[in-house]
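Chemist: from the sequence below, what's the structure:
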Amino acid sequence: MNRPSEWSPRMAGDLWAIVSAVTTATGLALAKTVLDEIPPLTFNTYVFFFGSPIILIDAAINGKVKETIAVPLRHLGFFALLGVLFSGSTLCLFTAISYTEPATVSFLSRLELMMTIILAMIFLKERISKAELFGLAFVVAGIFVMRYGASVELSNAILLVTISAVFVGAAEVAIKARISRIKPRSLVFYRGIVMVCIFLIVGNITGQFIWVTDMRILLTLAAAGFCLPYAGRMGYLKAMERINISRASIIVQSQPFFAGLITLAILGTHPSLREMIGGILIVSGVVFIRIIEWRTRKISK
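Modeler: Below you'll find the model as predicted:
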């Protein structure tokens with residue numbers, strides 16, 4: 001009789017993880033539809049500008065506006081640091097999408113886990129297991145498959161996503177070191193504000209920022225603002241409230257495949273066979289690492 005109540009949180013967590021994967025994939029596909037018309041920096045500025053009020057609306061619905069906005073002053077500097085790291089990451093990521101398929105970029109962005117593990121080993125003195133090394137070998141093999149005989153555009157995309165992964169890895173290590181003292185919704189909200197400020201400053205200095213007046217592009221940017229900084233991230237956080245992080249992460253690894261399907265439906269384009277094979281190797285390595293982490297936690301309990 002207790003089985004339904006035991007499975008309900010897990011099912012809800014799995015569903016939220018799928019929502020995170022699908023909405024993030026949709027955001028990447030939407031980016032591809034407009035990046036031929038506006039610079040990546042302009043895209044990011046508008047997306048995170050639209051994302052911040054959406055996060056506040058969510059906080060208001062849940063009665064957590066004060067909790068989201070009122071944070072200790074000492075946290076603001078940390079949020080600013082994360083804003084800088086994620087600004088570099090997203091700018092590299094969406095510049096990469098202007099070169100190649102969203103699904104390919106999504107496959108490559110799995111490198112974030114590899115960079116997080118390496119940086120955690122360096123700065124947090126965490127030990128890397130043989131199982132993790134085995135999983136990382138799959139990730140590296142996937143990169144070699146993609147890189148072999150790649151076009152200049154794909155080579156540029158691989159380089160940009162690798163740099164993006166370093167930024168994300170650094171941010172994840174910083175978050176991991178302070179996770180017990182920060183509120184996730186506040187982090188997402190203030191990170192977005194800092195990112196918009198950085199993009200506006202850099203964009204105006206370099207002349208890369210343009211004011212968008214085309215209603216179709218504006219609606220696309222608003223939709224991407226809902227999918228990327230809000231639904232994708234908040235869906236993942238909601239999943240982690242109900243299931244452990246390894247299970248949520250494994251489900252989210254489906255994101256590249258959703259990105260491929262959505263891009264195919266919207267634009268009629270898809271990754272090459274070599275890119276798909278390399279991407280599957282990368283995802284397999286990440287999933288293997290997460291499964292090992294999951295089993296290790298269960299045994300330790």
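
Chemist: sketch out the low-pLDDT regions of this protein for me.
Modeler: 1-7, 179-180, 297-301 (pLDDT under 70).

Chemist: so where do the helices sit in it?
Modeler: Listed in chain order, the helices of the chain (DSSP state H) span 3-34, 40-61, 65-69, 73-97, 102-108, 111-123, 130-147, 152-178, 184-206, 215-225, 233-242, 245-252, 255-267, 273-300.

Chemist: just name the most buried of those.
Modeler: Counting by mean count of other CB atoms under 10 Å, helix 102-108 has the highest mean neighbour count of the helices of the chain, with a mean of 30. All C-beta spots, glycine's among them, are computed from the backbone N, C-alpha and C.

Chemist: same for that one, what does it pack against?
Modeler: helix 3-34, helix 73-97, helix 130-147, helix 152-178, helix 255-267, helix 273-300 (3 or more CB pairs under 8 Å, 6 or more residues apart in numbering; DSSP states H and E).

Chemist: run the last query once more with 7 Å
Modeler: Packing partners of helix 102-108 (3 or more CB pairs under 7 Å, 6 or more residues apart in numbering; DSSP states H and E): helix 3-34, helix 73-97, helix 152-178, helix 255-267, helix 273-300.

Chemist: ok, which of those comes nearest Arg127?
Modeler: Ranking those by distance to Arg127, with CB to CB as the measure, places helix 273-300 first at 12.0 Å.

Chemist: what angle sits between that closest one and helix 245-252?
Modeler: Between helix 273-300 and helix 245-252, the angle comes out at 160 degrees (axes from the mean of the first three to the mean of the last three CA atoms, to 10 degrees).

Chemist: from what I can see Thr269 touches Glu101, true?
Modeler: Yes. In this structure, Thr269 is within contact of Glu101 by CB atoms under 7 Å, at 6.2 Å.

Chemist: now for those two: what residues contact both?
Modeler: Thr263 (CB atoms under 7 Å, 6 or more residues apart in numbering).

Chemist: so for these two, which sits in the more crowded spot?
Modeler: Glu101 (27 against 14; other CB atoms under 10 Å).

Chemist: now the more buried one. Nearest residue, chain neighbours left out?
Modeler: Pro271 (4.7 Å; CB to CB, 6 or more residues apart in numbering).

Chemist: same question for Ile210.
Modeler: Thr42 (5.3 Å).

Chemist: any idea how far that neighbour lies from Tyr190?
Modeler: As defined by CB to CB, to the nearest Å, Thr42 lies at a distance of 22 Å from Tyr190.

Chemist: then Ser52?
Modeler: 9 Å.

Chemist: next one: Gly169
Modeler: Per CB to CB, Gly169 is found 21 Å from Tyr190.

Chemist: same check, this time on Val105
Modeler: To Tyr190, Val105 is 26 Å away according to CB to CB.

Chemist: again, but for Val196
Modeler: Val196 is 11 Å from Tyr190, by CB to CB.

Chemist: and Val286, by the same measure?
Modeler: The gap separating Val286 from Tyr190 is 28 Å, by CB to CB.

Chemist: and for Gly268?
Modeler: Distance from Gly268 to Tyr190, by CB to CB: 39 Å.

Chemist: cool, Pro40 as well?
Modeler: Note on Pro40: its distance to Tyr190, by CB to CB, is 22 Å.

Chemist: isn't Arg233 up against Phe189?
Modeler: No. Arg233 lies out of contact with Phe189 (CB under 7 Å); the separation is 10.5 Å.

Chemist: quick one: stretch 126-139 to chain centroid distance?
Modeler: 21 Å (CA atoms, centre = their mean, to the nearest Å).

Chemist: which residues sit against it?
Modeler: Residues from elsewhere that reach stretch 126-139 (CB under 7 Å, 6+ apart): 110-111, 114, 117, 120-121, 281-282, 284-286, 288-289, 292.

Chemist: what do you get if the cut-off is 8 Å, keeping everything else the same?
Modeler: When contacts are defined by CB atoms under 8 Å, 6 or more residues apart in numbering, stretch 126-139 is touched by residues 110-111, 113-114, 117-118, 120-121, 281-282, 284-286, 288-289, 292.

Chemist: next: stretch 80-90.
Modeler: For stretch 80-90, the external contacting residues (CB under 8 Å, 6+ apart) are 44, 48, 163-165, 167-168, 170-171, 174-175, 187, 190-195, 197-199.

Chemist: ok, now stretch 237-251?
Modeler: Stretch 237-251 is contacted from outside by 9-10, 12-14, 16-21, 113, 184-185, 188, 236, 252, 286-287, 290-291, 293-294, 297, using CB under 8 Å, 6+ apart.

Chemist: ok, 10 Å please
Modeler: 8-21, 113, 184-185, 187-188, 235-236, 252, 283, 286-298 (CB atoms under 10 Å, 6 or more residues apart in numbering).
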